[in-house]
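**Student:** let's see this in three dimensions:
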Amino acid sequence: MQNTLFSSDFYYSSKWYIFKETELGRIHHCIDWDGLVQLLPQKRTLRGAPGWLPSKGLFGLMFLKHYTGLSDEKLIARFNTDWAMQMFCGTQLADNESIRDNSFVSRVRSYLGRHVDFEQFQQKLLRHWKSEIPSQNVLMMDATCYEVHLRFPTDAKLLWESCQWIWENTLPALCKINGIKIPRSKIKDIKVKYLVYNKLRKRSRRKTGVVKRALLRLLNKGIDQLQEVLNQTKAYNFTPRQSAVFRTIKQVYLQQKHHFDYPKAKIKDRIVSIHKPYIRPIVRGKENKPVEFGLKVHKAMVGGISILEHVSYNAFNECKRLKISTLKHKMLFGGYTHLSADRIYATNENRRYMTASGIQTNFIRKGGRKDDKPTKQIKGILNKERSTVLEGSFGTEKEHYGLRKIRARSSNTEIAWLYFGVFTANAVKICKRRRAQGQILQVA
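**Tutor:** The predicted structure is shown next:
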């Protein structure tokens, strides 16, 4: 237990002993707080609020967020009245104190997302748990997509949002501030046509083409008019965030115009949101959800503990990550003897690599010969572990640890959301193992 969290007198209070016996207290004991604090800069600057939490408390608040599954506002409301949560974060509020800033959790997440290297975050926790991870010679791997909270994008929606941002939000405000007459447009007429189109139950290709053509013309005129106003006023009162969105809208127009003129042409790095231009469509091939939008993750698993081997907003072929995953496993755990992976990994190149390394896999044997009985049993065990433990962890994290829809608003905070969700699940698993081992020792 970390002796720097509270004063020495506090350890003799009854609350502390009660807290240690709760599940939250046992999870607190599983986390390497000193190692995590080393990832933060020495001078902490969390603007807009007093230092309610120590450096350890910033990480603790994020673990609580995913452990409880509460929204940011409800988490703060419960934190103000729950002394166990306050102990978990290394603080105790006075009777007349409470955090009244509902954006406090999001600002903590933003701060950690900007300053923490989450690859080192992962390695510190894994090294802390290394002695408690069983079956370190068995490596399992698979890929999944953790979706972000995003409305389903269509070309018409994207074009209308771009037109709306220029003609209804940005351009009138800039003209009013600088005393310039607002340019004329057909935004009201096209808005009526778009709303009529949007309410149609079935949208034919011809009607979609008519709406897209009108929106492209309106967007092109809006880009020209806004650029003219910016040149005239030297971009006065035009914020960097607005400038970034405007650059994205210009790229959206070029992509959509090219797609409209050449429907069969593929668009590289296709933008699906003007406020999140880094999001890419990821084709998964599922029956109920062929395309997903979010973070594609290549996950490795050792002894039931999840390891985020590769995280990317762009689609990638996970079978190309097999060699890199094995090297990372060797650095962390010293090597392995068995590998369990999906059939997509069973390429000729990967098979040759596994054979040369002397690794037993669950890949289906090529050729007419069959596996002997011991090999067949080993492959059956590996297949069962991958399909139950590894694939089951995807559903557990998405359902119980806030990863069904990542509701952060920037790439840094989305990655922070992902890592804290996965490693909260890992910490709970380590906590349950420690408790089970303690009960077994007591019985023995």
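
**Student:** the helix or strand hosting K56: what's the following helix or strand?
**Tutor:** Using DSSP states H and E, K56 maps to helix 55-68. For helix 55-68, the following helix or strand on the C-terminal side (DSSP H and E) is helix 72-81.

**Student:** what residues does that following helix touch?
**Tutor:** 61, 64-65, 68, 70, 85-86, 89, 93, 98-99, 101-106 (CB atoms under 8 Å, 6 or more residues apart in numbering). C-beta: built from backbone N, CA, C; applies to glycine.

**Student:** ChimeraX command for the buried members of the residues you listed?
**Tutor:** Buried residues among these (16 or more other CB atoms under 10 Å), as a ChimeraX selection:
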select :61,64,65,68,70,85,86,89,99,104,105,106
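
**Student:** give me the neighbour count for E73.
**Tutor:** Neighbour count for E73, taken as other CB atoms under 10 Å: 13.

**Student:** would you say G294 is within a helix?
**Tutor:** No: with DSSP: H, G, I helix; E, B strand; the rest coil as the criterion, G294 is assigned strand and is not in a helix.

**Student:** and it, how far from A408?
**Tutor:** Distance of G294 to A408, given as CB to CB, to the nearest Å: 11 Å.

**Student:** now the common contact residues for the two.
**Tutor:** 148, 414.

**Student:** next up, the contacts around E385.
**Tutor:** Applying CB under 8 Å, 6+ apart, the residues near E385 are 138, 140, 340.

**Student:** buried residues in the helix or strand harbouring it?
**Tutor:** In the assignment (DSSP H and E), E385 maps to helix 373-385. Buried positions in helix 373-385, judged by neighbour count with 16+ other CB under 10 Å: 378-379, 382, 385.

**Student:** adding distance to V422, write these out as TSV.
**Tutor:** Formatted as TSV, those follow (distance: CB to CB, whole Å):
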residue	distance to V422
I378	28
K379	28
L382	22
E385	19
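
**Student:** follow-up on the earlier one: out of G294 and A408, which sits in the busier spot?
**Tutor:** More crowded of G294 and A408, by other CB under 10 Å: G294, with 22 against 18.

**Student:** tell me what the more buried one is bridged to.
**Tutor:** Assessed by DSSP bridges, G294 has beta-bridge partners E147.

**Student:** mind checking how far stretch 253-272 is from the chain centre?
**Tutor:** 27 Å (CA atoms, centre = their mean, to the nearest Å).

**Student:** between the two ends of that stretch, how far is it?
**Tutor:** End-to-end distance of stretch 253-272 (CA to CA, to the nearest Å): 12 Å.

**Student:** ok, stretch 300-307 next?
**Tutor:** End-to-end distance (CA to CA), stretch 300-307: 5 Å.

**Student:** shift numbering so it begins at 272
**Tutor:** OK, 272 is where the count begins now, so the last one is stretch 571-578.

**Student:** list the buried residues of stretch 387-395.
**Tutor:** Residues 387, 389, 392-395 are the ones in stretch 387-395 that count as buried (16+ other CB under 10 Å).

**Student:** related to what we said a few turns ago, among the contacts of helix 343-352, which are located in helices?
**Tutor:** Secondary structure assignment by DSSP state H places 332, 335-336, 339, 356-357, 375-377 of the contacts of helix 343-352 in helices.
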